[in-house]
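Undergrad: Kindly generate the corresponding structure for this input.
(one chain, ligands or ions: 1)
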Amino acid sequence: MSALTTPPRSASFIYEALPMRVVFGPGSVGRVTEELDHLGVERVLVLSTPEQVETARTIAATLGERSVGVHPGATMHVPISAADEAAALAARRGAQACLAVGGGSTTGLGKAVALRHGIPVVAVPTTYAGSEMTPIWGITENETKTTGRDRAVLPRAVVYDPELTLSLSVGLSVASGLNAVAHAVEGLWAPDRSPIVSLLAEEGIRSMVSALPRVVMDGGDLAARTDALRGAWLCGAVLGATTMSLHHQLCHILGGSHGLPHAETHAVVLPHVVAFNGPAAPDAVAATARAVGSAGLADDVAGALWDLGAALGAPTSLAALGLRADAVDDVVARVLAAPYRNPRPVEAAGLRALMMAALAGDRP
Ligand code: NAD
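TA: Sure, this is the predicted structure:
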């Protein structure tokens, strides 16, 4: 077949919309009751981290007798003991759903309860991590995090209220926002990308990148918070619809096996993976360049992303997050043992160079 008759890869695709409702807008947390009505849920267990228990209690109070309690048992990486405890409490109290109020850790706990106890999740996200838009669950047992996809854990309704994000610190907002951008960038070069998801990805990046500098200037800027949360929704939808590649594999290894913090690790690694994959993913690079406002600099979008992170005050080196140079070989070996599908084939020398640059915090 000649080059002229070979269809571009993106000419063939499968797109499947995920079955969920999204309620968005300042003040929309007041509409959680409507969503529970819609789902026919009369008894709900409210989940949060210990740090966000007051927010969870305030929301539970608006639900009256529908709330069967607030369980502030969410913690990073969903330990199996936390999942069992929350599932047992939900069963004892006769909860018909969990209301997860918080970031990815709390949504993750709700998903674990859904998986183990079969009751749905309603999510009220307060970070930009995007877990609420995905059927991906994760549970940690014996220091190993197992993840999987199951439609049963996909929240049935998501209530996005930007006012709840006003309390997210500027540092966490930036790291979490760049975590969202990473979902969208990987969605643009995903093996199962599709035109509609690529539109979501480009617009998600644009919305987040336009919002973050304003959030840094004033964390109380509700318009900026609204744009950031809108970007997080779109980027999360991309994560839920596509298969992630090298960037997410590296971040899972760095977080799961080397204890690095989730969102900050994404922020450091992304520019380096964009530099690595760029030559093999020109359409994704062009879309990212348009979205970050450097369309004329498509050959330096990795540098533009690094500059953005640095300007926002995000960490730029893995060393600053606690990774030691002697861990690089382990990371490389783990990637190569079972590489995720990636637009550019991953080999040891290139991967090692990527890791060394990310460790040192070099501008790609
Ligand atoms: P997080 O949920 O761990 O929250 C970090 C801290 O910020 C917590 O103490 C939390 O209570 C606090 N916090 C959250 N929102 C706040 C707010 N508005 N105001 C004040 N404090 C607030 O962090 P995260 O980055 O949202 O989530 C990370 C976790 O989510 C990781 O374990 C990651 O693996 C998982 N994740 C899963 C998916 C998925 O699809 N399954 C997607 C993204 C992230």
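
Undergrad: tell me what the helix or strand I59 falls within is packed against?
TA: Using DSSP states H and E, I59 maps to helix 53-62. If contacts are counted by 3 or more Cβ pairs under 8 Å, 6 or more residues apart in numbering; DSSP states H and E, helix 53-62 sits against helix 32-39, strand 44-47, strand 67-71, strand 97-102. Any C-beta I mention is one placed from the backbone N, CA and C, and that applies to glycine too.

Undergrad: can you give me the angle that helix makes with strand 67-71?
TA: Between helix 53-62 and strand 67-71, the angle comes out at 180 degrees (axes from the mean of the first three to the mean of the last three Cα atoms, to 10 degrees).

Undergrad: Could you find the closest non-adjacent residue to G361?
TA: Using Cβ to Cβ, 6 or more residues apart in numbering and skipping the chain neighbours, the partner closest in space to G361 is S317 (2.8 Å).

Undergrad: does the one you found sit in a helix or strand, and which one?
TA: For S317, there is no host helix or strand (DSSP H and E).

Undergrad: ditto for A358
TA: For A358, the host element (DSSP H and E) is helix 348-360.

Undergrad: Just the buried positions in that helix, please.
TA: Along helix 348-360, these residues count as buried under the neighbour rule (16 or more other Cβ atoms under 10 Å): L351, L354, M355, A357, A358, L359.

Undergrad: ok so, going back, ok, now how distant is the residue nearest to G361 from V170?
TA: S317 sits 20 Å away from V170, going by Cβ to Cβ, to the nearest Å.

Undergrad: Low-confidence ranges, this structure, go.
TA: Within the chain, the stretches with pLDDT under 70 are 1-11, 294-298.

Undergrad: Residue nearest the middle of it, spatially speaking?
TA: A129 (3.4 Å; Cα atoms, centre = their mean).

Undergrad: Not counting sequence-adjacent ones, nearest residue to the closest residue to the ligand within the stretch 51-200 of the chain?
TA: When distances are taken as Cβ to the nearest ligand atom, the stretch 51-200 of the chain reaches nearest to the ligand at G104, 2.0 Å away. In space, G104 comes closest to A129 once its chain neighbours are excluded; the distance is 3.6 Å by Cβ to Cβ, 6+ apart.

Undergrad: quick one, what contacts the residue of the stretch 51-200 of the chain closest to the ligand?
TA: T127, A129, G130, S131, H262 (Cβ atoms under 8 Å, 6 or more residues apart in numbering).

Undergrad: would you say the first one is within a strand?
TA: Put plainly, it is T127. No: in this structure, T127 is coil, not part of a strand, as judged by DSSP: H, G, I helix; E, B strand; the rest coil.

Undergrad: Chain neighbours aside, what residue packs nearest to it?
TA: T127 sits nearest to G103 (Cβ to Cβ, 6+ apart), 3.4 Å away.

Undergrad: I'd like the buried residues of helix 348-360 written out as a markdown table, with distance to the ligand added.
TA: Shown next, in a markdown table, are the buried residues of helix 348-360 (distance: Cβ to the nearest ligand atom, whole Å):
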| residue | distance to the ligand |
| --- | --- |
| L351 | 22 |
| L354 | 21 |
| M355 | 20 |
| A357 | 24 |
| A358 | 19 |
| L359 | 21 |
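
Undergrad: can you put those in JSON lines and add distance to Q52?
TA: Below are the buried residues of helix 348-360 laid out as JSON lines (distance: Cβ to Cβ, whole Å):
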{"residue": "L351", "distance to Q52": "37"}
{"residue": "L354", "distance to Q52": "35"}
{"residue": "M355", "distance to Q52": "34"}
{"residue": "A357", "distance to Q52": "36"}
{"residue": "A358", "distance to Q52": "31"}
{"residue": "L359", "distance to Q52": "33"}
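
Undergrad: Up against the ligand, what does the stretch 101-250 of the chain have?
TA: Contacts of the stretch 101-250 of the chain with the ligand, taken as Cβ under 6 Å from any ligand atom, map to 102-106, 108, 126-127, 129-131, 134, 136, 138, 164-165, 167-168, 172, 176, 239.

Undergrad: From the residues you listed, list the buried ones, please.
TA: Among these, those classed as buried by 16+ other Cβ under 10 Å are 102-106, 108, 126-127, 129-131, 134, 136, 138, 164-165, 168, 172, 176, 239.

Undergrad: So which of those sit within strands?
TA: Among those, the residues falling in strands (DSSP state E) are G102, I136, G138.

Undergrad: tell me which of those is nearest to P339?
TA: Comparing these against P339 with Cβ to Cβ places I136 closest, at 19.1 Å.

Undergrad: Show me what the closest one is bridged to.
TA: Here I136 sits in beta bridges with R149, going by DSSP bridges.

Undergrad: so where do the strands sit in this protein?
TA: Secondary structure of the chain, counting by DSSP E: strands at 21-24, 44-47, 67-71, 97-102, 121-125, 136-141, 144-149, 157-160.

Undergrad: In TSV: those, plus distance to P191.
TA: TSV is the format used below for the strands of the chain (distance: least, Cβ to Cβ, whole Å):
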stretch	distance to P191
strand 21-24	26
strand 44-47	34
strand 67-71	38
strand 97-102	30
strand 121-125	27
strand 136-141	17
strand 144-149	15
strand 157-160	26
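
Undergrad: Tell me the buried residues in the helix holding I59?
TA: V53, T55, A56, I59, A60.

Undergrad: So which of those residues reach the ligand?
TA: For the ligand, no contacts are drawn from the buried residues of helix 53-62 by Cβ under 6 Å from any ligand atom.

Undergrad: any chance of those residues in CSV, plus distance to E347?
TA: Below are the buried residues of helix 53-62 laid out as CSV (distance: Cβ to Cβ, whole Å):
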residue, distance to E347
V53, 48
T55, 47
A56, 47
I59, 49
A60, 52
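
Undergrad: Now for the nearest residue to R344 once chain neighbours are set aside: which residues touch it?
TA: For R344, ignoring the flanking residues on the chain, the nearest one in space by Cβ to Cβ, 6+ apart is A280 at 3.7 Å. Going by Cβ under 8 Å, 6+ apart, A280 touches W189, P343, R344.
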